[in-house]
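*Asks:* can't give you the sequence, but here's the structure:
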């Protein structure tokens, strides 16, 4: 009797994220099957499948092979849909048959290979240049990552309506632009991959720099961005140097995830972090992908940013470290200007060549509306001219929006006094 | 020890709008709850889920789709537990995760007479 109970208890723990993981696999395969213009049918069938799983497993417990159970149900529901909707059946079934004439009967292929292929092709469809960037990220989270509307809204610190509108617009684009769920041709792949990497980069940053207090959620966004980037690396035709550079950058950044957020979800600045919390395994992975990234001659902005992130994983603060970081920022700014890069370059300059030189350069940037600019000036003037330091920090305080930023700046002012 | 039937009722809403992660969390709560009953050796039959579709047959050959046309609450499933008394059975039912989402549990003694 007791063994029976024990056996019964043993298999009752669901694998973490099982629903989310399988949801995105099923949605990708069904989305590919029904076509991008019918992506909602795929989503509905996937949702229905999980609802049935939830209701059934709640009472009966887990089936021996939960994934197989889900695939069978999803397949049956998809075929039921085709049978039920005669109109749809005629129109779409023909297209599906045209697309793969060798298929006698419509088959929904939930093999590992087709799941991966479908997810990659879906990634290209979702990151199509005609879809606005924020809509791409929302749609990626929904379709490719299996996030719920609430979870996406929390990540963006916005409400459900906004997210629903973004998703609606993205799906409308999929329809009106007749975007196909397929690999782009060889001639196009670099350009299209560029768009995909931009989205993955933004998705990662959304998690890494979000002001959301939900640390687990933020970490999930970063992991999802890394997972999708890794899908590209595992695929031969997309395993390119700049993809490896991006993943390397993500590994280096996420190695500090534990160290950069305190128990209250507040940011801990780089120089104040407990370095024993840096994840050495991720740093190692970052180094591996960085080496892979330099297999070619090309240097992208991801290479430079990964290089900068690499130097940040070295704990000892040497002039050499900051000279290298400075050079990398110099190159980065030449490829693509951004305010953050300009500010960070100036900070690196102060570390490499001293504050006096950095102050002169900083005053030239004239980013008067940015709280980060005034924070940097405050930092540079500290111990050089404390009156100027405080006045800059005060301007920064007035310009900063998030409570986390305000808190950090207020702390700085206190420290000077 | 007597057997008691738990009938799980839920409102139709609040279903597919949940995210996969949320649905998984709910499922795990149910599994944990029922496993907890089994651990006390009080589970007679895990029972089953009932499909949403159904028909109600009435006198004079009247068959309607249902039962949701008449009542908003739907019986989603059942489980059979063992308890000394109706009170003890009701105490067990208090832990049902369905209660957290607006559902309820009807507890009935299974009379063998």
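*Replies:* Right, received. Where do you want to start? Bear in mind that the values here come from a model prediction, so they are computed numbers and not experimental data. Residues are numbered from 1 along each chain as shown, chains lettered A, B, ... in the order given.

*Asks:* So residue B:19 sits against residue A:149, correct?
*Replies:* Yes - counting by Cβ atoms under 8 Å, residue B:19 does reach residue A:149; the two are 7.2 Å apart. (Glycine included, C-beta is placed from N, CA and C.)

*Asks:* In the chain, where is pLDDT below threshold?
*Replies:* Chain wasn't specified; assuming chain A. Along chain A, segments meeting pLDDT under 70 span A:1-12, A:86-106.

*Asks:* wrong one, chain B
*Replies:* If you take pLDDT under 70 as the line, chain B has these spans: B:12-16, B:67-72.

*Asks:* what residues are up against whatever residue of it ends up closest to chain A?
*Replies:* When scored by Cβ to the nearest Cβ, chain B has residue B:19 as its residue closest to chain A, at 2.1 Å. Contact analysis of residue B:19 by Cβ atoms under 8 Å, 6 or more residues apart in numbering or on different chains lists A:20, A:146, A:147, A:148, A:149, A:150, A:151.

*Asks:* From chain B, how far out is the second one?
*Replies:* If I follow you right, that is residue A:146. 5 Å (Cβ to the nearest Cβ, to the nearest Å).

*Asks:* Next, count neighbours for that residue.
*Replies:* 25 (other Cβ atoms under 10 Å in any protein chain shown).

*Asks:* That one contacts residue A:28, correct?
*Replies:* No - with contact defined as Cβ under 8 Å, residue A:146 does not count as touching residue A:28 (9.8 Å).

*Asks:* longest helix anywhere in chain B?
*Replies:* Identified as the longest helix of chain B according to DSSP state H is helix B:20-39.

*Asks:* number of nearby residues for residue A:234?
*Replies:* 10.

*Asks:* can you check residue A:14 too?
*Replies:* Residue A:14, neighbours per other Cβ under 10 Å, totals 17.

*Asks:* Same question for residue B:1.
*Replies:* 12.

*Asks:* swap in residue A:310?
*Replies:* Residue A:310: 20 neighbours (other Cβ under 10 Å).

*Asks:* just checking, what packs against whichever strand or helix holds it?
*Replies:* Residue A:310 belongs to helix A:301-312 when assigned by DSSP states H and E. Counting contacts by 3 or more Cβ pairs under 8 Å, 6 or more residues apart in numbering or on different chains; DSSP states H and E, helix A:301-312 packs against helix A:241-254, helix A:280-293, helix A:319-335.

*Asks:* most tightly surrounded among those helices?
*Replies:* Neighbour counts (mean count of other Cβ atoms under 10 Å in any protein chain shown) averaged over each of the helices and strands packed on helix A:301-312 peak at helix A:241-254, with a mean of 26.

*Asks:* and that one with helix A:280-293, angle?
*Replies:* 160 degrees (axes from the mean of the first three to the mean of the last three Cα atoms, to 10 degrees).

*Asks:* Tell me how far helix A:241-254 lies from the chain's centre.
*Replies:* Distance, stretch centre to chain centre, for helix A:241-254: 12 Å (Cα atoms, centre = their mean, to the nearest Å).

*Asks:* Now the helix or strand just after that helix: buried residues?
*Replies:* Next in sequence after helix A:241-254, counting helices and strands by DSSP H and E, comes helix A:257-260. Buried residues in helix A:257-260, defined by neighbour count with 16 or more other Cβ atoms under 10 Å in any protein chain shown: A:257, A:259, A:260.

*Asks:* What of stretch A:172-192?
*Replies:* A:173, A:174, A:179, A:180, A:181, A:183, A:184, A:189, A:192.

*Asks:* so what's the fourth one closest to, chain neighbours aside?
*Replies:* Closest residue to residue A:180 in three dimensions, ignoring its sequence neighbours and counting by Cβ to Cβ, 6 or more residues apart in numbering or on different chains: residue A:36, at 6.5 Å.

*Asks:* The one you found: what's it in contact with?
*Replies:* A:125, A:174, A:175, A:179, A:180, A:181.

*Asks:* now do residue A:202
*Replies:* A:133, A:137.

*Asks:* tell me which element it falls in.
*Replies:* Residue A:202 belongs to helix A:189-209, assigned by DSSP H and E.

*Asks:* wait, isn't residue B:105 in contact with residue B:10?
*Replies:* No - contact criterion Cβ under 8 Å: residue B:105 and residue B:10 do not qualify, at 10.1 Å.

*Asks:* got any residues that touch both of the two?
*Replies:* residue B:98.

*Asks:* For chain A, which residues are neighbours of chain B?
*Replies:* A:1, A:5, A:8-9, A:12-14, A:17-20, A:22-23, A:44, A:47-48, A:50-51, A:53-62, A:146-151 (Cβ under 8 Å from any Cβ of the partner chain).

*Asks:* which residues of chain B fall in strands?
*Replies:* For chain B, applying DSSP state E gives strands covering B:2-11, B:43-49, B:55-58, B:62-65, B:73-83, B:104-109.

*Asks:* hang on, residue A:17 packs against residue B:21?
*Replies:* Yes - using Cβ under 8 Å, residue A:17 makes contact with residue B:21 at a distance of 7.0 Å.
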